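Visitor: the amino acid sequence is not available; the structure is as follows:
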Ligand code: G6P
């Protein structure tokens, strides 16, 4: 039957609130609750024999792929190439047979992603797709599909599908890392425990709505916003900037925090808020010094961090959204939630058509 809004003002708001459940359901499907091992569907190839992966997708799914690259490289020690599908389909990269073609798509119908899939198949790659719609064209054309369990996503701007994609990619990373001998049993159990803990941590994020609304007030007044992140949280900054553009029509750019001094710093003044995605991981101090540089130029500093990070930002940040403290590995999944909520709150202040933003389509089936 038709999917209703269940009392929420928009589908987007409803779907934002589904993050904890969707993460939990998606993980339940891929992690055996008893053995706490990753259980992939039968694969027509051996994971340990894969020499490298090519990841491709569009929009938010591409940013999920960027997080996947960091995970697969750093944890599974797998070489990864990645590009947006509209580029990948024409790049014609030299690929040796038997690599992994990893496609990510909520709908499974995006024209560029589908064309890239066909190109990777022609280059004799094994095709593994992370999809929400498991009856889609991409599902039919893949060697294996890993399903997100996100349910129908009605809001044009993707929300829960993104964290579901990340949940699947995290589990896939653990499986590939194990197969390659890069992740030992202790590390594996630690990473799985971090994942299984996420639904509860994700639910806690909704207690921060006041701080997020305060941030939204600042951003709603701006014409341009700069999002910063480092490492696995840089793609979260990209996702935050995309979401803000899509539904509030405010111009936003995301930069790898360390790259800020190579250009965007010239734009910073009182009128350009800086939104930093900065969990207190080993990269925190680096981001902190980037934020000091931005503040020195008059920038208003808005930060998503944990309690430890918040304590160190007391003099620097105008507003801090305190996110539950989690292992660095799962930060991209958790931090996405408040960052997407922020875009939603700004859109509410702007009075835009949140679920049907102008010029955008849920599924782009033309090139
Ligand atoms: C459209 C949607 C985005 C989505 C992208 C890729 O642009 O508005 O939210 O991320 O397509 O869609 P897919 O279905 O392939 O994930």
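Guide: Happy to help now that I have it. Please read all numbers here as calculations on a predicted model, not as lab measurements.
Visitor: mind jotting down where the strands sit in this structure?
Guide: Using DSSP state E, the strands of the chain run over 53-57, 80-84, 100-105, 126-131, 144-147, 224-229, 251-256, 274-277, 301-305, 319-322.
Visitor: which residues are in contact with residue 329?
Guide: 71, 75, 170, 191, 194, 232 (CB atoms under 8 Å, 6 or more residues apart in numbering). All C-beta spots, glycine's among them, are computed from the backbone N, C-alpha and C.
Visitor: correct me, but the last one touches residue 328?
Guide: This means residue 232. Yes - at 7.2 Å, residue 232 counts as touching residue 328 under the criterion of CB atoms under 8 Å.
Visitor: near the ligand, which residues of the stretch 151-300 of the chain?
Guide: Contact residues (CB under 6 Å from any ligand atom) of the stretch 151-300 of the chain with the ligand: 156-158.
Visitor: how about those in a markdown table, adding neighbour count and pLDDT?
Guide: Below are these laid out as a markdown table (neighbours: other CB atoms under 10 Å; pLDDT from 0 to 100):
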| residue | neighbour count | pLDDT |
| --- | --- | --- |
| 156 | 18 | 86 |
| 157 | 28 | 91 |
| 158 | 28 | 92 |
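Visitor: quick one: which of the strands of the chain is nearest residue 347?
Guide: strand 251-256 (12.3 Å; CB to CB).
Visitor: angle of that closest one against strand 224-229?
Guide: 20 degrees (axes from the mean of the first three to the mean of the last three CA atoms, to 10 degrees).
Visitor: what is strand 251-256 packed up against?
Guide: Packed against strand 251-256 by the contact rule (3 or more CB pairs under 8 Å, 6 or more residues apart in numbering; DSSP states H and E) you find strand 224-229, helix 234-248.
Visitor: which of the contacts of residue 329 sits closest to the ligand?
Guide: Of all the contacts of residue 329, residue 170 has the smallest distance to the ligand: 17.6 Å, by CB to the nearest ligand atom.
Visitor: OK, contacts around that closest one?
Guide: Neighbours of residue 170 in contact, by CB under 8 Å, 6+ apart: 71, 191, 195, 329-330, 333.
Visitor: from residue 41, how far off is the residue of the chain found nearest the ligand?
Guide: The nearest approach of the chain to the ligand comes at residue 59, 2.7 Å away (CB to the nearest ligand atom). Distance, residue 59 to residue 41, by CB to CB, to the nearest Å: 26 Å.
Visitor: looking at those two, which one has more neighbours?
Guide: residue 59 (23 against 11; other CB atoms under 10 Å).
Visitor: next, the contact list for that one, please.
Guide: 110, 158, 242.
Visitor: quick check, nearest of these to residue 5?
Guide: The closest of these, once distances to residue 5 are taken by CB to CB, is residue 158, at 17.2 Å.
Visitor: chain center to stretch 34-44, what's the gap?
Guide: 23 Å (CA atoms, centre = their mean, to the nearest Å).
Visitor: what residues sit buried inside that stretch?
Guide: 38, 40 (16 or more other CB atoms under 10 Å).
Visitor: quote the end-to-end distance of that stretch.
Guide: One end of stretch 34-44 to the other measures 25 Å (CA to CA, to the nearest Å).
Visitor: for the record, mean pLDDT for it?
Guide: The average pLDDT within stretch 34-44 is 94.
Visitor: please apply the same query to stretch 90-103.
Guide: Stretch 90-103 comes out at a mean pLDDT of 96.
Visitor: whether it contacts the ligand - can you check?
Guide: No - Stretch 90-103 stays out of contact with the ligand when judged by CB under 6 Å from any ligand atom, the minimum separation being 8.6 Å.
Visitor: quick one, helices of the stretch 201-350 of the chain?
Guide: Remark: helices assigned in the stretch 201-350 of the chain by DSSP state H, counting those that start in this stretch are 209-220, 234-248, 284-296, 307-312, 331-350.
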